[in-house]
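1. Just the structure for this:
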Amino acid sequence: MASNEWDDWMQKIVNFYVFKTDGINTNMLFVTNDDRVYGMGANDYGVLGTGDDMCANKPTPISMLKDKRIINFLSGKKFTVFYSSDNCVYSCGNNSWGQLGSEGLVGQLMVTPMKVQINKNNALVHDISCGSDHTLVLTHRHQVYGWGSNRFGQINSRDTAIEVIDTPVLIDFNGNQCIKAVHCCRNTSFALTSDGQVFIWGVTGGETGVEVFNRQLDEPMDCLEYYITCELLLDILKCVRYLHQLEPPVIYRDLKPDNILIANYIENGQVIR
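-> This is a model prediction of the structure:
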């Protein structure tokens, strides 16, 4: 598009998200000030939700999400998740591992966003995160639901024989745990409790079941392990805070020390990554 056309769009955009499919092809999603959602980019597997899987060389409206009050975008390797201020979750793209959360549609390509029913009570979503082929949701009742690939136990670490979970299932933490945050990274899942315990299950380093610090799903980290994890997360949080303070805010996935560069930016005497 011509530069003057982009100038017009930039005046309208209130939120945007840039991501890659298969870690290669670039896509962009954004919301405008009239509550419209647009997609642009490679659109592999129909991840933009524009109704097809053709490359979009210019902003293309996502009709299904018109007036849906979309406030957040997330993505996995081949799928996209949309979250609205009305507590609705939508998904589209490749569904080979049930990662779209729609029962009976495994293996299909969904090029239009479909609503995901978290549970029968329509629980309020407090936090949401996507891995390569799975998604975790934290509700206002501190319950965690997951769906998608379970090849490595990233949803149910006690039964990896069930490789595909195509609808949201409640994750059991063996006790009355008060979960306050969830996070997915590729084929690994994380949950943080209100008293500072971190649960990690799924895959790291190519192993299954027993993962980071040799912890099972129902085993919390000890103090030293928790400290190490917090130090790693601190660098990431600094970067996220900087991106979110930009106008408009920048949303980015898969932030980690390996792909965060040190910039010449000083705040309170510290170098911000």
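2. Show the pLDDT at the closest residue to residue 22 other than its chain neighbours.
-> Counting by Cβ to Cβ, 6 or more residues apart in numbering, residue 22 lies nearest to residue 77, which is 6.2 Å off, once chain neighbours are set aside. In this view, the C-beta of every residue, glycine as well, is placed from N, C-alpha and C. In this prediction, residue 77 carries a pLDDT score of 93.
3. Could you say which helix or strand holds residue 77?
-> Using DSSP states H and E, residue 77 is not contained in any helix or strand.
4. Backbone dihedrals for it, both of them.
-> Note on residue 77: backbone dihedrals following degrees, to the nearest 10 are phi -70, psi -40.
5. Wait, it touches residue 130, no?
-> No. In this structure residue 77 lies outside contact range of residue 130 using Cβ atoms under 8 Å: 9.0 Å.
6. Of these two, give the one with the bigger neighbour count.
-> Set residue 77 next to residue 130 and count neighbours by other Cβ atoms under 10 Å: residue 130 wins out with 25 against 20.
7. Spit out the contact partners of that one.
-> Taking Cβ atoms under 8 Å, 6 or more residues apart in numbering as the criterion, residue 130 is in contact with 74, 75, 76, 79, 81, 184, 253.
8. again, only this time at 7 Å
-> Residue 130 sits next to 74, 75, 76, 81, 184 when contact means Cβ atoms under 7 Å, 6 or more residues apart in numbering.
9. Does the residue nearest to residue 99 when sequence neighbours are not counted belong to a helix, a strand or coil?
-> Once flanking residues are discounted, residue 99 sits nearest to residue 148: 3.8 Å by Cβ to Cβ, 6+ apart. Here residue 148 is recorded as strand under DSSP: H, G, I helix; E, B strand; the rest coil.
10. Please apply the same query to the one 10 residues further on.
-> Of the three states, residue 158 takes coil under three-state DSSP.
11. So for it, what's the pLDDT?
-> Model confidence at residue 158 (pLDDT) stands at 75.
12. ok, now residue 262?
-> pLDDT, residue 262: 47.
13. Tell me where the stretch 1-150 of the chain has helices.
-> Secondary structure of the stretch 1-150 of the chain (DSSP state H, counting those that start in this stretch): helices located at 3-12.
14. could you pull out the strands for it?
-> 13-21, 25-32, 37-41, 56-61, 70-75, 79-84, 89-94, 109-116, 125-130, 134-139, 144-149 (DSSP state E, counting those that start in this stretch).
15. by contact count, what packs against the last one?
-> Using 3 or more Cβ pairs under 7 Å, 6 or more residues apart in numbering; DSSP states H and E as the contact definition, the elements that strand 144-149 packs against are strand 134-139, strand 164-170.
16. Tell me which of those sits most buried.
-> strand 134-139 (a mean of 26; mean count of other Cβ atoms under 10 Å).
17. residues in contact with the residue nearest to residue 22?
-> 22, 132, 133.
18. can you tell me how far it sits from residue 23?
-> 7 Å (Cβ to Cβ, to the nearest Å).
19. cool, and residue 8?
-> Distance from residue 8 to residue 23, by Cβ to Cβ: 32 Å.
20. Do you know the pLDDT at the closest residue to residue 160 other than its chain neighbours?
-> Take residue 160 and drop its neighbours on the chain: the residue closest to it by Cβ to Cβ, 6+ apart is residue 153, 4.6 Å away. Here, the pLDDT recorded for residue 153 equals 89.
21. what about residue 153, how many neighbours?
-> Residue 153 has 24 neighbours, counted by other Cβ under 10 Å.
22. I'd say it and residue 200 touch.
-> No. Contact criterion Cβ atoms under 7 Å: residue 153 and residue 200 do not qualify, at 11.1 Å.
23. Can you name the residues that contact the residue nearest to residue 168 when sequence neighbours are not counted?
-> Excluding its sequence neighbours, the residue lying closest to residue 168 (Cβ to Cβ, 6+ apart) is residue 145, at 4.1 Å. Counting by Cβ under 7 Å, 6+ apart, residue 145 makes contact with 118, 119, 137, 139, 168, 169, 170, 171.
24. need the contact list for the second one.
-> Looking back up the chat, that one is residue 119. If a contact means Cβ under 7 Å, 6+ apart, then residue 119 has 145, 168 as its contacts.
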